[in-house]
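Trainee: fold the following.
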Amino acid sequence: MNKMSKIIVPLCILFALCHRAQAAENESAGANSDTKPGVVNKVEHAVEHGTKATVNGIKHGGKAAAGGLKRGGEAAAHGIEVGVKATERTTRRVVNKVDGKSDKSSDESK
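Mentor: Model (predicted):
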């Protein structure tokens, strides 16, 4: 989760700054009649494009995090299964030694 917060926080700040820049641009575009309309349109388009890219990046990051959590859960489940099997094998060996079913244990006791 720490990695996700390191990614999402700067993206949210970038999104907020893009939104603020777009609002400031709209105010200044109305005040400056000397500005060429083509330049204003290009800047508006660039801000919109950046905003869309930010949103898509956040969505992609969320999907990647969900996939990572799923994979981590599956790995944990597999680890638990392996641990249970190992415990069962060890328990069987100990029970067999206590019951005297192992030839090695009877030789060692003599």
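Trainee: pLDDT of stretch 89-98, averaged?
Mentor: Mean pLDDT, computed over stretch 89-98, is 89.
Trainee: send the alpha carbons of that stretch over as PDB?
Mentor: Taking Å, rounded to 0.1, in the frame of the first residue of the first chain, the C-alpha atoms of stretch 89-98 are listed here in PDB:
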ATOM      1  CA  ARG A  89       4.600 -35.500   7.100                       C
ATOM      2  CA  THR A  90       6.500 -34.500  10.300                       C
ATOM      3  CA  THR A  91       3.700 -35.600  12.500                       C
ATOM      4  CA  ARG A  92       3.500 -39.000  10.800                       C
ATOM      5  CA  ARG A  93       7.200 -39.500  11.100                       C
ATOM      6  CA  VAL A  94       7.100 -38.700  14.800                       C
ATOM      7  CA  VAL A  95       4.100 -41.000  15.400                       C
ATOM      8  CA  ASN A  96       5.800 -43.800  13.600                       C
ATOM      9  CA  LYS A  97       9.000 -43.400  15.600                       C
ATOM     10  CA  VAL A  98       7.000 -43.400  18.900                       C
END
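Trainee: show me what the top helix by length along the chain is packed up against.
Mentor: Using DSSP state H to define each element, the chain has its longest helix at helix 37-99. For helix 37-99, the packing partners by 3 or more CB pairs under 8 Å, 6 or more residues apart in numbering; DSSP states H and E come out as helix 2-31. The C-beta positions use only the backbone N, C-alpha and C, and glycine is treated the same way.
Trainee: can we see that at 10 Å?
Mentor: On a contact count with 3 or more CB pairs under 10 Å, 6 or more residues apart in numbering; DSSP states H and E, helix 37-99 meets helix 2-31, helix 103-109.
Trainee: can you list the low-confidence ranges for the protein?
Mentor: Under the criterion of pLDDT under 70, the regions of the chain flagged as low confidence span 1-2, 4-5, 11, 14-15, 17-35, 102-110.
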